[in-house]
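Colleague: mind folding the following:
(4 chains)
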There are 2 protein chains.
Amino acid sequence: MATISDVAEKTGLSKATVSRVINNHPYISKEKRELVYKAMEELGYHPNPSARRLRGQLTNTIGVIVPRIVNPFFSYLVDALEQVAYENNYQVLMFQSDEKKDKELYFLNLLKTKQVDGLIMTSIENDREVIESYTKFGPILLCNEYMSQSDLPVVRVDQMKAAYLGTKHLLDRGYRRIAYCTGGLFVDDGKDKDRNVGFQKALNDYDIQINTSWVFINKHTIEDGKQVMRQIAEMRDRPDAIFTGSDEIAAGVLREAKSLGLNIPEDLAVIGFDDQPIAEMIDPALTTIRQPIKEMGRESVDTLLRLLKNHPLDQTDQELSVELVVRSST
Amino acid sequence: MATISDVAEKTGLSKATVSRVINNHPYISKEKRELVYKAMEELGYHPNPSARRLRGQLTNTIGVIVPRIVNPFFSYLVDALEQVAYENNYQVLMFQSDEKKDKELYFLNLLKTKQVDGLIMTSIENDREVIESYTKFGPILLCNEYMSQSDLPVVRVDQMKAAYLGTKHLLDRGYRRIAYCTGGLFVDDGKDKDRNVGFQKALNDYDIQINTSWVFINKHTIEDGKQVMRQIAEMRDRPDAIFTGSDEIAAGVLREAKSLGLNIPEDLAVIGFDDQPIAEMIDPALTTIRQPIKEMGRESVDTLLRLLKNHPLDQTDQELSVELVVRSST
DNA sequence: TCGTTTTATGAAATCAGTTTCATATTTATC
DNA sequence: GATAAATATGAAACTGATTTCATAAAACGA
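Modeller: Residues are numbered from 1 along each chain as shown, chains lettered A, B, ... in the order given. Predicted structure coming up:
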């Protein structure tokens, strides 16, 4: 591996000058500049990132925390983030928090030790103060999830509108007995709370009270969806529609409904969230709310890179809009 | 940020001794050792990884190349790899090759610059010689994909047996006119070739010739599956069963069959590959070949860490076995 | 023409660790 | 009790870059 000293020696210049050429400093003569480029080329020289890092330089690496990569929403998000990062010559260090505080902390520490230049968090486990205390080591951007009363920059979709849109759609179709699934640990803040508000608001428009026995919390997976369907089937007083928190839950509901001999949407209308590929594949095809994942990825990386370059942000809170995709499950 | 000098100063020892304590060198007195630990604790000291890296130390980071993370097979694989890596105090730098040679090369170079200690490749784009030339910078392990005539360590499933098992199943059920999908760019080597051989072998057992107009190459996605189904529907001489290269292709086939008013498995039996969650969700549920992803992840990381520690390997080629999961599509 | 900028370069310090070399004690061996 | 080996520690060199400080030459202004 060639080092900067090799380049210096080969050109007869000092390391300082070579370094200046590499970093595009002014006041370098054209001849020397070209001499250095030529030598770098010939030696196959690439600066050692660890050495640069040690001098407090940027690492060209951004960290991304997701709860679980196997959740398709997050794998598509990471895909989008990685593509944009690559276009900008950045690498992505991906990390799964598993929804655990200590794993999240472990990863936040990489910012402290300058392993990553900045961080994109797509979920939040620790308290606001804890996370904000790490901003002194590098920029942190929230993508998808957010915290109110925080001045961290955030890129997200309008969850309230999304939930409102979906619920309104059910109501417009004539359903009045609407069940509701939510992740819901963060009930007092963040995206789940916004969804709750949107759901509530749509029901208010129609003067309908929420039936709390039709509210299911802490639901995420296909298995959860199946279990919800079983619970509903056993109820004497059943809902006629359900707003689920994700396409996966919805898929579980559909699957179990089929096993129980129930018809969708006649016996139960189902609306999903995300518009994952699976939404189109299952039968009946799923009505769902499409999230603009690609745009979220692009906006997030663009914004983080702007922060890294100390460019001013036009806005610290970017809200992207969602879209209702009507298929056959409602 | 506290440095090693701070610890040295606080304990009244030299940096050398502190470093020795950190790295568990022998010949340190118990008192000094504890003194250092105490000071490190109090200062909240963590060694700077860039500095260690610069001295040629390990980075505690392994790189993982996948073609696309949105492919569920790979997101589950990365999940498994990351879990095991975390247990061993390693981070995973994930990278998508997008099946492009230049992206793969870019990532291989991280090994050269010691950004990662070792590499796990779950797909291969460049030639054998190119990839092997990077082993002088750190260990490279192949996981899932492999190259013959290469002495790179590999963790994989017995693809030949897998394809044989699936095809045999179709034949045993009475299907004789069997179509075949493959990724198939690497037709002369690697996992796709093994599958081809397994498929061939099963047909030979029943004295059946392959009908080449029923062979579809370069298929990967749901969309590809739909397209294959459309092609089949237009044939005068149709197959009665199809072996697909992945559950996604199979899902596409099923979906399009439904649109075309065809019945599965009566009009066309379909067998998938991987046993992804979607296999259970679609209708009819998919018969498929289950790959032991968790074990592959564990074996891969364990093996790579052993290589990093210069422990000898019992075997450089680990083959895990697959399992046929019979559902309703055959 | 002389003093002041501007341009161009290099020596040496610096980042935060690890490792080599030297050296001082102990402990073991004959 | 003398010699060899094992234990314990520190000073300084080293990793590969960037940056500061110093300095020389060229360009500029009066």
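
Colleague: ok, which residues in chain A are in contact with DNA strand D?
Modeller: Residues of chain A lying near DNA strand D by CB under 7 Å from any atom of the strand: A:1-5, A:15-16, A:18-20, A:22-23, A:46-48, A:51-52, A:54-57. Any C-beta I mention is one placed from the backbone N, CA and C, and that applies to glycine too.

Colleague: quick check: which element contains A:Ile120?
Modeller: Under the criterion of DSSP states H and E, A:Ile120 resides in strand A:118-121.

Colleague: pull out the buried positions in the helix or strand just after that strand.
Modeller: Remark: after strand A:118-121, the chain's next helix or strand is helix A:128-132, criterion DSSP H and E. Neighbour counts over helix A:128-132 (16 or more other CB atoms under 10 Å in any protein chain shown) mark A:Ile131 as buried.

Colleague: for stretch A:120-140, same thing?
Modeller: Applying 16+ other CB under 10 Å to stretch A:120-140 flags A:120-126, A:131, A:134-135, A:137-140 as buried.

Colleague: so which of those comes closest to chain B?
Modeller: A:Phe137 (8.5 Å; CB to the nearest CB).

Colleague: for that closest one, give me its contacts.
Modeller: With contacts defined as CB atoms under 8 Å, 6 or more residues apart in numbering or on different chains, A:Phe137 is in contact with A:Leu111, A:Lys112, A:Lys114.

Colleague: ok so, going back, and the strand holding A:Ile120, which strands flank it?
Modeller: strand A:61-66 (parallel), strand A:140-143 (parallel) (DSSP bridges).

Colleague: mean pLDDT for these: which is lowest?
Modeller: Lowest mean pLDDT within these: strand A:61-66, at a mean of 93.

Colleague: chain center to it, what's the gap?
Modeller: 10 Å (CA atoms, centre = their mean, to the nearest Å).

Colleague: pLDDT of the strand holding A:Ile120, averaged?
Modeller: 95.

Colleague: where in the stretch 1-150 of chain A is pLDDT low?
Modeller: Low-confidence segments of the stretch 1-150 of chain A (pLDDT under 70): A:57.

Colleague: and the residue positioned nearest the centre of chain A, how far is that from A:Lys114?
Modeller: The centroid of chain A falls nearest to A:Thr122 when counting by CA atoms, centre = their mean (3.9 Å). Separation of A:Thr122 from A:Lys114 (CB to CB, to the nearest Å) stands at 22 Å.

Colleague: please apply the same query to A:Thr287.
Modeller: According to CB to CB, A:Thr287 and A:Lys114 sit 46 Å apart.

Colleague: what about those two, which has more around it?
Modeller: Per other CB atoms under 10 Å in any protein chain shown, whichever of A:Thr287 and A:Lys114 has more neighbours is A:Thr287, with 24 against 20.

Colleague: could you find the closest non-adjacent residue to that one?
Modeller: A:Thr330 (4.2 Å; CB to CB, 6 or more residues apart in numbering or on different chains).

Colleague: can you give me the strands in the stretch 151-300 of chain A?
Modeller: Under the criterion DSSP state E, counting those that start in this stretch, strands of the stretch 151-300 of chain A are mapped to A:154-157, A:178-182, A:215-217, A:241-243, A:269-271, A:288-290.

Colleague: just the ones of the contacts of A:Phe137 in helices?
Modeller: A:Leu111, A:Lys112 (DSSP state H).

Colleague: need the contact list for the closest residue to DNA strand D within the stretch 101-250 of chain A.
Modeller: Across the stretch 101-250 of chain A, the shortest distance to DNA strand D (CB to the nearest atom of the strand) belongs to A:Lys114, at 12.5 Å. Neighbouring residues of A:Lys114 by CB under 8 Å, 6+ apart: A:Arg53, A:Gly56, A:Thr59, A:Phe137, A:Gly138, B:Asn48, B:Ser50.

Colleague: go with 7 Å
Modeller: Residues near A:Lys114 by CB atoms under 7 Å, 6 or more residues apart in numbering or on different chains: A:Arg53, A:Thr59, B:Ser50.

Colleague: where does it fall, phi/psi-wise?
Modeller: phi 60, psi 30 (degrees, to the nearest 10).

Colleague: could you check the pLDDT of the closest residue to A:Ile222 other than its chain neighbours?
Modeller: Once flanking residues are discounted, A:Ile222 sits nearest to A:Gly252: 4.1 Å by CB to CB, 6+ apart. A:Gly252 carries a pLDDT score of 95 in this model.

Colleague: can you give me the domain assignment for chain A?
Modeller: Listed by automatic domain parsing, the domain ranges of chain A are A:4-47, A:61-157+A:293-320, A:159-290.

Colleague: out of those, which is closest to B:Gly225?
Modeller: With CB to CB as the criterion, B:Gly225 lies closest to domain A:159-290 of the domains of chain A, at 9.9 Å.

Colleague: circling back: go ahead and confirm the residue nearest to the centre of chain A touches A:Ile65.
Modeller: Yes - if you go by CB atoms under 7 Å, A:Thr122 and A:Ile65 touch, sitting 6.3 Å apart.

Colleague: now A:Pro265: phi and psi?
Modeller: When quoted as degrees, to the nearest 10, the phi and psi of A:Pro265 stand at phi -100, psi 10.
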